[in-house]
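Trainee: Sequence and predicted structure below; questions after.
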Amino acid sequence: MALNFPGFGDYQQPPRRPQRQPRQRQPLSQKQKKHLKNTGITVAVLVALFVIIPPLVSVYTGWLWFDSLEKGGIFGTILGTRLGIFLIVGVVSAAIIYFAMAFAHRAKPTTLSRPNPVLDPYRRIGEGKHKPVFITVAVIVGIVFGFSLQLKWQQISIFFHSTSFGVKDPQFNHDLSFYAFQLPFLTILFGWLIGVASIGIVLNILLHYFQGSLEFRVRQGKQRGGVILADKARKQISILGGVLLVLVGVRYWLDRYELLSGDIKFKGQTTTGAGYTSANVLIPAKLLLTVIAVLCAIAFFVSFVVKDLRVPALATAIMLIGEVAVGGVLPWAVEQLSVKPNKANKEAEFIARNIKATRFAYNLRDDNLTVMPSFGKENAPAPQPGGKGVASTLSNIRLLDPNVLSPAFTQSKQLRSFYGFPDTLTIDRYHVGNELQDYVVAVREINPSALSGNQTDWINRHTVYTHGNGIVMAPANTVDAIVTDAGDRGGNPKYEVYDLQSLAAKQGQQHTTANNGTAHLDLREPRVYYGPLIAKQDPDYALVKTAGDSQEYDVEGENYTYQGKGGVHAGGFANRLAYAIEYHELNFILSNLINGNTKILLNRDPRARVEAVAPWLTADTSAYPTVIDGHIKWIVDAYTTLDSLPYAQKINLGEVDTDSQTARREWSPTMKQVSYLRNSVKAVVDAYDGTVQLYSFDEKDPVLRAWKGVFPGLVKEKSEMSEQLRQHIRYPEDMFKVQREILSRYHVTNPMGFYTGGSYWQVPNEPTMSDNEAAVGADSHGIFDQPPYYVVSADPRTGRPSFQLTTPMLWNQREFLSSQISVSSDPDNYGHITIRQWPTNTTTQGPKNALDRMTSAGGYQTEKLQLEGANTIIYGNLLTLPIGDGGVLYVEPLYAQRKGQDSAYPKLIRVMVMYNNRMGYGRSLADALEQVGLDGSLVEQPEGAENDSSVPPVAKKSTPDRMTRDAAAAKLDEALANLKQAQASGDMSEFGRALENLDKAVQDYQNAGK
């Protein structure tokens, strides 16, 4: 029975045109058949080579790698999950699509109501050939959906192991686990079903049209057009349309929950959450749309019986209009007419929700924070030598900058040209006797970019230069001797070397001896096969235990054969072929060096290994080395994250992590947006055998507990960490950067204060950027944030030396200190954050102003031209250190590097300090501290400090050095020229500095000749 929609008028069939007969196809000749067959074979081979085989090889080599780490079960779980999702989703999707088309074909009318000269020829050609077409289309759709959803295996896996947060959202009163684990899964599920159902109904309608079950008749003359729909086609469209609208209704229902991770905008800022309009208009609107969608679905189902599609069609149109009206127009009107005129009051409740959720999401709970209000004081008195924590801070001031000293380590301790150190060294602490001592630490690795000539051929790159040699350290608070100029002896780190040579010397063998150091590390295996620098080899692999004599370079005149348990067996034709395909390298097959004992060491970057073993973790940008159980170990901080959590502020990790140091690192920050962050796992990677161990560190984290359910046994308990490992765990930089960014606004817990933003803080810009642009690759505007620094300083509670990560904060849009944020890395107080807050009415100088004043002071200005004549001056990290009960000490180490010498490297030549508005400048830290009224005797004295009579008198006196009148006049002319240049540039800070220099030049001119 055909259905003619009323309202379109009766339709009279026009005169028939003569039907066009399809052309008869000529049978293919044997030559054409052969050509077609060869083409098919060629296409099949190419598809196999470039589409099918590479992924299969990657799966095989991936399994080999996991198995070599004794973690084959992890790989099996991941592969099984992804394959299972692909098959289930693919089969279900293909079945839905196939039956949607097959049912349409079954509804094909036996006779056509009227001929269609366009479609009729194709209808005859397609007779009896529909199944292959249906199967092909269904398989393609199934593959596309299966492949897309298997990429979501993490969200699907964790859904089945969700754990409670014990915290509920303020809008719907659901446990946060619903948003963390269940909502993402439901969103994926119904998004997939809606997609498949939409494609199915479109294909169903198209087939009905192709077969003649559905006709669109055009108006001709007085005859009105119409839609002719066969009865069977109507029933199918009714069922499919009803199912689709039920799914759409569920999606509207889920949209309500996703609004809790929307945006609240006010005063040029954006916070996360459902604001007044979303909570009071959009959420009810989504509920209304859910009801409308369900009613529309019921109308479609009813049309199965009543044989009339007008009602469901009208209902669907109403739903679409409602989507625009209640989902768009109404919220806009409420926002403009009701909310904006009363924004602060309307949004206060929802801002409070955002503050509470954000502090929870980034582990800034009240029990984890200590706030010291009104810490800073104007003109703070000099602390007494016995004052709380003064000695702990002054005696441990770090002078060595790990971002500057890589060339010094390279020139002094490289040993061979193919060894190297990272551009950015790291900071760790060890106990020397009973004292806590921070060290600059670096591992001596193979530097792939330093290989040259025949060292770069395949054999040498991958079988000879396979491992580094040892760890080099230097106490961070001293140098070997004070110096006058960069060409003098001294100004160098006091190196402690633990490598093959020092180990041989310790054992009495005939090798070059090396200082065994005061940290007395028990390093029994100094060889380094895994590390960030060696992993820069492209492609990243090494072949060890090759055929014949030992191939691997070890020490001068000796080779070595790897004895570790790490690595994948590369012998056997299957493995050799697999790696030849993986790396596009025929030498895996042709080389005689590879035999049954040969192993291939892969994935040698410690952070990449951690993320490969546990892909649900996000690795910190820094992996730091230490010595544990006789081996060099890399410690990697790993994070659990969530993309969205109700009302928790979203933050981009890559943007927050970027500062003046990140340009030097081998591992770039991930550009990942998160609403929840926990440093829940500490990973340890052995530098010799590549073993990866994961330890729970935040055992209360519900996200970690859920993943431990997915991969039981992968993450060890915190109690299994050795005491030696605990002593070297440090608070991660990336986590701290995120927390300080959050605290810049979320230290304000009053919603109205948060709304006005008058008490916001900001992270200081790197004050030394302009002078270091050649070193760090930045521009001259100081646009990067100043990084936080690891220091040994006084514990705010006890006054004892404590290993901390610390950063100053400024008042928003002002260059005055607002606070100092520090977090402890000590095992007994790990992760506790202390915030020292300066009163709002103080004008304590921030890092930039402090550096400007120090570099404008007489001592530095007197020597500046002399020092810069033959040297390049490099500013080290500017430390901001709280002193006593309210003072702040700035310490700026100055390095000099000889110009025009390839072998030159930075040496510490001067130290500048600022305390209580007084400037100190000297060749030693002790001398600089004495000039500002602090006890220099607390500082370790380098060699020559006791005879330091060469410090310019201006650095020790409050009056300037006298000079000849001609020299003073020349200096005055130079100061005037600099002032004009600064004024023309428009840079007010440069203008202020030039003005200070001019004042000093005038004073010098007046004093000249007296």
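Mentor: Perfect, thanks for sending it.
Trainee: which residues in the stretch 101-250 of the chain form helices?
Mentor: Counting by DSSP state H, counting those that start in this stretch, one finds helices in the stretch 101-250 of the chain at the ranges 120-125, 130-150, 153-159, 176-177, 183-211, 231-258.
Trainee: Nearest to residue 895 among those helices would be which one?
Mentor: helix 153-159 (46.0 Å; CB to CB). (C-beta placed from N, C-alpha, C; glycine too.)
Trainee: Throw the helices of the stretch 101-250 of the chain into TSV and include mean pLDDT, distance to residue 440 and mean neighbour count, thanks.
Mentor: Written out in TSV, the entries for the helices of the stretch 101-250 of the chain read as follows (pLDDT from 0 to 100; distance: least, CB to CB, whole Å; neighbours: other CB atoms under 10 Å):
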stretch	mean pLDDT	distance to residue 440	mean neighbour count
helix 120-125	54	77	13
helix 130-150	93	46	17
helix 153-159	97	38	19
helix 176-177	97	42	20
helix 183-211	92	43	19
helix 231-258	92	48	20
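Trainee: Using a markdown table, lay out the ones you listed together with distance to residue 507.
Mentor: Shown next, in a markdown table, are the helices of the stretch 101-250 of the chain (distance: least, CB to CB, whole Å):
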| stretch | distance to residue 507 |
| --- | --- |
| helix 120-125 | 86 |
| helix 130-150 | 54 |
| helix 153-159 | 49 |
| helix 176-177 | 56 |
| helix 183-211 | 57 |
| helix 231-258 | 65 |
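Trainee: With respect to residue 66, which of those lies nearest?
Mentor: Between the helices of the stretch 101-250 of the chain, helix 153-159 lies closest to residue 66; by CB to CB that is 15.8 Å.
Trainee: Now do stretch 654-663, average pLDDT.
Mentor: Averaged across stretch 654-663, the pLDDT comes to 76.
Trainee: Check the offset of it from the chain's centre.
Mentor: A distance of 10 Å separates the C-alpha centroid of stretch 654-663 from that of its chain, computed with CA atoms, centre = their mean, to the nearest Å.
Trainee: Would you mind extracting the C-alpha trace of it into CSV?
Mentor: Output of stretch 654-663 as CSV, limited to C-alpha atoms (Å, rounded to 0.1, in the frame of the first residue of the first chain):
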residue,chain,number,x,y,z
GLY,A,654,52.1,22.7,28.5
GLU,A,655,51.4,26.4,29.0
VAL,A,656,51.9,26.3,32.7
ASP,A,657,55.1,24.2,32.5
THR,A,658,56.8,26.5,30.0
ASP,A,659,59.4,28.7,31.6
SER,A,660,62.9,29.9,31.0
GLN,A,661,64.3,26.4,31.5
THR,A,662,62.1,24.3,29.3
ALA,A,663,63.8,25.3,26.1
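Trainee: Break the protein down into its domains, please.
Mentor: The record, using automatic domain parsing to delimit domains, assigns the chain the ranges 70-222, 608-732, 962-1010.
Trainee: any idea which of those domains is most buried?
Mentor: The highest mean neighbour count among the domains of the chain belongs to domain 608-732 (a mean of 20), with neighbours defined as mean count of other CB atoms under 10 Å.
Trainee: Tell me the spacing between the residue nearest in space to the middle of the chain and residue 652.
Mentor: The C-alpha lying nearest the average C-alpha coordinate of the chain belongs to residue 670 (CA atoms, centre = their mean; 2.6 Å). Computed as CB to CB, to the nearest Å, the residue 670 to residue 652 distance reads 9 Å.
Trainee: Go ahead and name everything in contact with stretch 272-285.
Mentor: Stretch 272-285 is contacted from outside by 171, 256, 259-265, 326-327, 330-331, 334-335, 339, 346-347, 349-350, 353-354, 357-358, 646-650, 675, using CB atoms under 8 Å, 6 or more residues apart in numbering.
Trainee: Among those, name the ones in helices.
Mentor: Cross-referencing the contacts of stretch 272-285 against helices under DSSP state H gives 256, 330, 331, 334, 346, 347, 349, 350, 353, 354, 357, 358.
Trainee: close enough to count as contact, the first one and residue 288?
Mentor: No - using CB atoms under 8 Å, residue 256 is not in contact with residue 288; the gap is 10.8 Å.
Trainee: you'd agree residue 821 is in a strand?
Mentor: Yes - read with DSSP: H, G, I helix; E, B strand; the rest coil, residue 821 is one of the residues of a strand.
Trainee: Is it bridged to anything, and to what?
Mentor: With DSSP bridges as the criterion, the beta-bridge partners of residue 821 are residue 807, residue 835.
Trainee: coming back round to it: please indicate which of the ones in helices among the contacts of stretch 272-285 are buried?
Mentor: In terms of neighbour count (16 or more other CB atoms under 10 Å), the buried residues within those are 256, 330, 331, 334, 346, 347, 350, 353, 354, 357, 358.
Trainee: Redo those as a markdown table? Include distance to residue 159.
Mentor: Supplementary listing: those in a markdown table, determined by distance: CB to CB, whole Å:
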| residue | distance to residue 159 |
| --- | --- |
| 256 | 19 |
| 330 | 34 |
| 331 | 31 |
| 334 | 35 |
| 346 | 36 |
| 347 | 33 |
| 350 | 28 |
| 353 | 26 |
| 354 | 26 |
| 357 | 22 |
| 358 | 25 |
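Trainee: what's the most distant pair in those?
Mentor: In terms of CB to CB, those reach their longest pairwise distance at 330 and 358, which sit 28.9 Å apart.
Trainee: Could you verify that residue 521 is part of a helix?
Mentor: No - with three-state DSSP as the criterion, residue 521 is located in coil rather than a helix.
Trainee: from memory it sits against residue 498, does it?
Mentor: Yes - counting by CB under 8 Å, residue 521 sits close enough to residue 498 to count as a contact (5.1 Å).
Trainee: In terms of packing, which of these two has more residues around it?
Mentor: Set side by side, residue 521 and residue 498 give different neighbour counts by other CB atoms under 10 Å, the larger being at residue 498 (26 against 20).
Trainee: correct me, but the more buried one touches residue 523?
Mentor: Yes - shown here, residue 498 and residue 523 form a contact pair, counting by CB under 8 Å, at 4.4 Å.
Trainee: Need the overlap of contacts for the two.
Mentor: Contact criterion CB under 8 Å, 6+ apart; residues shared by residue 498 and residue 523: 470, 471, 627.
Trainee: And the strands in the stretch 501-650 of the chain, which stretches?
Mentor: 527-528, 541-544, 552-555, 558-560, 568-569, 599-602, 618-628, 631-642 (DSSP state E, counting those that start in this stretch).
Trainee: for those strands, which one sits closest to residue 864?
Mentor: Among those, strand 618-628 sits nearest to residue 864 (CB to CB), with 34.3 Å.
Trainee: Give me the helices and strands touching that closest one, please.
Mentor: With contacts taken as 3 or more CB pairs under 8 Å, 6 or more residues apart in numbering; DSSP states H and E, strand 618-628 sits against strand 426-432, strand 435-443, helix 606-613, strand 631-642, strand 676-686, helix 733-746.
Trainee: Mind putting the ones you listed into JSON lines with mean pLDDT?
Mentor: As requested, the helices and strands packed on strand 618-628 are arranged in JSON lines below (pLDDT from 0 to 100):
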{"stretch": "strand 426-432", "mean pLDDT": "93"}
{"stretch": "strand 435-443", "mean pLDDT": "95"}
{"stretch": "helix 606-613", "mean pLDDT": "96"}
{"stretch": "strand 631-642", "mean pLDDT": "97"}
{"stretch": "strand 676-686", "mean pLDDT": "97"}
{"stretch": "helix 733-746", "mean pLDDT": "96"}
